[in-house]
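> just a sequence and a predicted model for now, questions to come.
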Number of protein chains: 2
Amino acid sequence: MTSAEPISFSQAFDLINPHLYTVEERIRAQAKAFDPAVEGYVSYVCGAGGKRLRPALALLAGGATGKITANHVDLAVIIELIHIATLVHDDIMDGAELRRDRTSPNAKWGNAITVLLGDVLFAHALKLSTNFTNSDICRRIADAASEVCSGEIIQTQRRFDLKLSTADYYRIIEMKTAALFSAACELGAFISEASPPVIGSLKTFGTKLGVAYQVYDDILDLAGSEEATGKTLGTDLRKGKFTLPVLFLLQSGKDPNTVRELLLREDDVDAELLAQMIGSAGAMDAAKEVAFRLVGEALAQLDPIRENKFARGLRAIAEHLRQLLEAI
Amino acid sequence: MTSAEPISFSQAFDLINPHLYTVEERIRAQAKAFDPAVEGYVSYVCGAGGKRLRPALALLAGGATGKITANHVDLAVIIELIHIATLVHDDIMDGAELRRDRTSPNAKWGNAITVLLGDVLFAHALKLSTNFTNSDICRRIADAASEVCSGEIIQTQRRFDLKLSTADYYRIIEMKTAALFSAACELGAFISEASPPVIGSLKTFGTKLGVAYQVYDDILDLAGSEEATGKTLGTDLRKGKFTLPVLFLLQSGKDPNTVRELLLREDDVDAELLAQMIGSAGAMDAAKEVAFRLVGEALAQLDPIRENKFARGLRAIAEHLRQLLEAI
């Protein structure tokens, strides 16, 4: 492999595999930091697995700008714990029964324990972040956590709101999803003592990638028939989350009254019909276009970064998202 | 007033009144740190008032061991914000409709927004704590927050558990209530650069006072008839929170089967009858004795502290609790 050759998504993960293994062990070991009565709950949610995309970004950003150190591993663990805490609380709000094919904490232990479990994970992650000697890191992590929650508040507040603009939508997903992507990349470079412009580029890379990732995820919820994908169509629609394809359908002006009436039906929503309308109005293609553009903008942020295998790993993660979008 | 003369509870608050005023303003001003869409929620819960007992302890502990500085005010604000965040989540778990005579956030906006509101307050408080140049302070605050949540988890887990021991009970309330009292007193002295033994004494003072305070609060829930106190009797009983008087009743061995059956009735609980049984078994007096003893142990921790008006303020707060106990 020459230095200029692109690498695949799984090759990107292979590059940091020993570090990711440590991250995984460390995440699972966190349960032991808690009171024995609490340990079992933490162990359950921390052992649920997941793509560990945010840890990978933190490690790759660290490697792209310097040497991957124990501090990068700490960062990866902390960011993933915050992500896990938000998932725990998401499941309460969504009344979800399953998370990653396992019974969700709220279905298992009820909402009361689950609210507290999210809190305790959150507090623990922020406690771990105080171990960084530079308090800027700790502040940035708390800031990102606050952004995630604020984004989720606004999303919840604007459910079933037909006046939601695309600008509102982008702001919400930049907060709720991109904030942790952005912090992972920015702080990965910060810990490597990269120059301020490089740190800034990686921060923007994380933001663009995070927004693109959420747009993709939102598109998936409306793409294809249930028979083909095996996934329930329109979960977001039932919750009143108007995502980019829906907003583009509204903007298209096609059958506005029908669309509005369909969108406000809550549990009775006809997701198949709306998905068809989104497709034929060109709203799905328009949403995909946005995601492609964002991936391109994310990749452009990496141009000033000195080329190495970890920088190629970051590219591979963005390119993988492009491939996922193409496959829809 | 000579230097040795004790002061009253309200005089203790008067001593730190200008600082408490700043704390109050700062708490209310926090809402502006959030996204405009989130500001209203934060403003509502931060403007709900409260005794501000934890801020008072932080300020008095600071004054008892040095000069009250802006850092003490910051500490007071942060600890109260964490307390507010836990109250917000408490209301969800309790399904409370009212908090300090105002509609509770969950009754006003639903559980989804309220979970997130607690989270965002929590993250914000921990973010503020990263402004301390000494990261030990930040770590200790995150630690206390984690303790509070862990204590609440264990309490929730042990609801309606007839095997709950008094040791379990003390551990739960030391975590869920005393952790913030303890952190307020300890860090107040730490910021004043008191000697390690003095910091340790104030930490223990806070812990003992916090536990005594919670025992008092738990006694109140079972004391007097509803007609006399105007409060609903046995709120804890209905939630399956077996507090010290209940545990002492169980230990007394009087009518064990009746008591057990009565305790497991949930919403149909006969609080009047249980309160009577608690009284006649001497369980109420025994619980009060524990609280008196804890107040005495708290006060003893102040003996090695050099006498000044703020140290007398700390004494006054403990003495006030003793008076409240006597008045039951």
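The structure has been received and is ready for your questions. Numbering: from 1, shown residues only, chains lettered A, B, ... in the order given.
> which positions in the stretch 101-250 of chain A make contact with chain B?
A:111-113, A:115-120, A:122-124, A:126-127, A:130-133, A:135, A:138-139, A:142-143, A:145-146, A:149-150, A:152-154, A:156-157, A:175 (Cβ under 8 Å from any Cβ of the partner chain). (C-beta placed from N, C-alpha, C; glycine too.)
> which of those are buried?
A:111-113, A:115-120, A:122-124, A:126-127, A:130, A:132, A:135, A:138-139, A:142-143, A:145-146, A:149-150, A:152-154, A:156-157, A:175 (16 or more other Cβ atoms under 10 Å in any protein chain shown).
> so what's residue A:8 closest to, chain neighbours aside?
Residue nearest to residue A:8 in three dimensions, not counting chain neighbours: residue A:316, with 6.0 Å by Cβ to Cβ, 6 or more residues apart in numbering or on different chains.
> now residue A:273
residue A:262 (6.6 Å).
> what about that neighbour, which SS state?
With DSSP: H, G, I helix; E, B strand; the rest coil as the basis, residue A:262 sits in helix.
> do the same with residue A:51
What three-state DSSP gives for residue A:51 is coil.
> gap between it and residue A:217?
12 Å (Cβ to Cβ, to the nearest Å).
> repeat for residue A:95
From residue A:95 to residue A:217 the distance is 19 Å (Cβ to Cβ).
> now do residue A:169
Counting by Cβ to Cβ - residue A:169 and residue A:217 are separated by 13 Å.
> coming back round to it: pretty sure the residue nearest to residue A:273 is in contact with residue A:270, am I right?
Yes: between residue A:262 and residue A:270 there is a contact at 6.1 Å, judged by Cβ atoms under 8 Å.
> what about the two, which has more around it?
Higher neighbour count among residue A:262 and residue A:270: residue A:262, with 19 against 14, using other Cβ atoms under 10 Å in any protein chain shown.
> which residues touch the more buried one?
Residues counted as contacts of residue A:262 (Cβ atoms under 8 Å, 6 or more residues apart in numbering or on different chains) are A:269, A:270, A:273, A:274, A:277.
> of those residues, buried ones?
A:269, A:274, A:277.
> list the contacts for the second one?
Residues in contact with residue A:274, defined by Cβ under 8 Å, 6+ apart, are A:222, A:234, A:237, A:246, A:249, A:259, A:262, A:263.
> just these: which are in strands?
Counting by DSSP state E, the contacts of residue A:274 place none of their members in strands.
> related to what we said a few turns ago, count of neighbours near the residue nearest to residue A:8?
With other Cβ under 10 Å as criterion, residue A:316 counts 21.
> please look at it and residue A:5 and confirm they touch.
No: using Cβ under 8 Å, residue A:316 is not in contact with residue A:5, being 10.8 Å away.
> residue A:73 and residue B:106: what is the separation?
Residue A:73 is 38 Å from residue B:106, by Cβ to Cβ.
> which one of the two is surrounded by more residues?
residue B:106 (25 against 22).
> ok so, going back, helices - which of the contacts of residue A:262 land there?
A:273, A:274, A:277 (DSSP state H).
> show me the contacts for the residue lying closest to the last one once chain neighbours are set aside.
Meaning residue A:277. Leaving aside its chain neighbours, residue A:277 sits nearest to residue A:249 (6.1 Å; criterion: Cβ to Cβ, 6+ apart). Residues near residue A:249 by Cβ under 8 Å, 6+ apart: A:259, A:274, A:277, A:278, A:281, A:283.
> next, count neighbours for the fourth one.
Residue crowding around residue A:278 was assessed by other Cβ under 10 Å; the count is 26.
> which residues touch it?
So residue A:278 contacts A:222, A:245, A:246, A:248, A:249, A:284 (Cβ under 8 Å, 6+ apart).
> equivalent analysis for the fifth one, please.
When the contact criterion is Cβ under 8 Å, 6+ apart, the partners of residue A:281 are A:248, A:249, A:252, A:254.
> closest one of the residues you listed to residue A:208?
The shortest approach to residue A:208 among those belongs to residue A:248, at 19.4 Å (Cβ to Cβ).
> quick check: the closest one touching residue A:286?
Yes: Residue A:248 lies in contact with residue A:286 (Cβ under 8 Å); the separation is 4.7 Å.
> excluding chain neighbours, give the residue nearest to residue A:275 in space.
residue A:222 is the one closest to residue A:275 (Cβ to Cβ, 6+ apart), at 5.0 Å.
> could you pull out the helices for the stretch 201-328 of chain A?
A:226-229, A:235-238, A:244-252, A:256-263, A:271-280, A:283-300, A:309-327 (DSSP state H, counting those that start in this stretch).
> next, count neighbours for the residue nearest to residue A:320 when sequence neighbours are not counted.
Leaving aside its chain neighbours, residue A:320 sits nearest to residue A:9 (3.8 Å; criterion: Cβ to Cβ, 6+ apart). Neighbour count for residue A:9, taken as other Cβ under 10 Å: 17.
> same check on residue A:215?
When neighbours are defined as other Cβ under 10 Å, residue A:215 has 28 of them.
> with the one 5 residues further on instead?
Using other Cβ under 10 Å, residue A:220 has 18 neighbouring residues.
> which strand or helix spans the closest residue to residue A:179 other than its chain neighbours?
Using Cβ to Cβ, 6+ apart and skipping the chain neighbours, the partner closest in space to residue A:179 is residue A:147 (3.8 Å). Element membership of residue A:147, judged by DSSP states H and E, is helix A:135-157.
> all strands for the stretch 51-200 of chain A, in order.
Taking DSSP state E, counting those that start in this stretch, the strands of the stretch 51-200 of chain A run over residues A:98-99, A:102-103.
> identify whichever of those strands lies nearest to residue B:184.
Closest among the strands of the stretch 51-200 of chain A, using Cβ to Cβ: strand A:98-99, at 36.6 Å.
> what about that closest one, average pLDDT?
Mean per-residue pLDDT for strand A:98-99: 70.
> can you check stretch A:241-261 too?
94.
> export that stretch as CSV, just CAs?
Extracted C-alpha coordinates of stretch A:241-261, given in CSV (Å, rounded to 0.1, in the frame of the first residue of the first chain):
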residue,chain,number,x,y,z
LYS,A,241,-39.4,14.2,14.5
PHE,A,242,-39.6,16.0,11.2
THR,A,243,-36.3,15.2,9.5
LEU,A,244,-34.7,16.6,6.4
PRO,A,245,-36.7,14.5,3.8
VAL,A,246,-39.9,15.5,5.5
LEU,A,247,-38.9,19.2,5.6
PHE,A,248,-38.0,19.0,1.9
LEU,A,249,-41.4,17.4,1.1
LEU,A,250,-43.1,20.3,3.0
GLN,A,251,-41.0,22.8,1.1
SER,A,252,-41.9,21.2,-2.2
GLY,A,253,-45.4,22.4,-1.8
LYS,A,254,-46.9,19.2,-3.2
ASP,A,255,-50.3,18.4,-1.7
PRO,A,256,-49.5,20.6,1.3
ASN,A,257,-52.8,19.9,3.2
THR,A,258,-52.5,16.1,2.7
VAL,A,259,-48.9,16.1,3.9
ARG,A,260,-49.6,18.2,6.9
GLU,A,261,-52.6,16.1,7.9
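> of residue A:248 and residue A:286, who's got more company?
residue A:248 (20 against 17).
> counting neighbours, what do you get for the closest residue in space to that one that isn't next to it in sequence?
The spatial neighbour of residue A:248 that comes closest, neighbours along the chain excluded (Cβ to Cβ, 6+ apart), is residue A:283 at 3.6 Å. Per other Cβ under 10 Å, the neighbour tally for residue A:283 reads 24.
> same check, this time on the one 5 residues further on
Other residues within reach of residue A:288 by the criterion other Cβ under 10 Å amount to 19.
> with residue A:101 instead?
7.
> does the residue nearest to residue A:320 touch residue A:317 like I think?
Yes: proximity of residue A:9 to residue A:317 meets the contact threshold set by Cβ under 8 Å, at 6.4 Å.
> tell me where chain A is predicted with low confidence.
Within chain A, the ranges that satisfy pLDDT under 70 run A:1-4, A:99-100, A:224-231.
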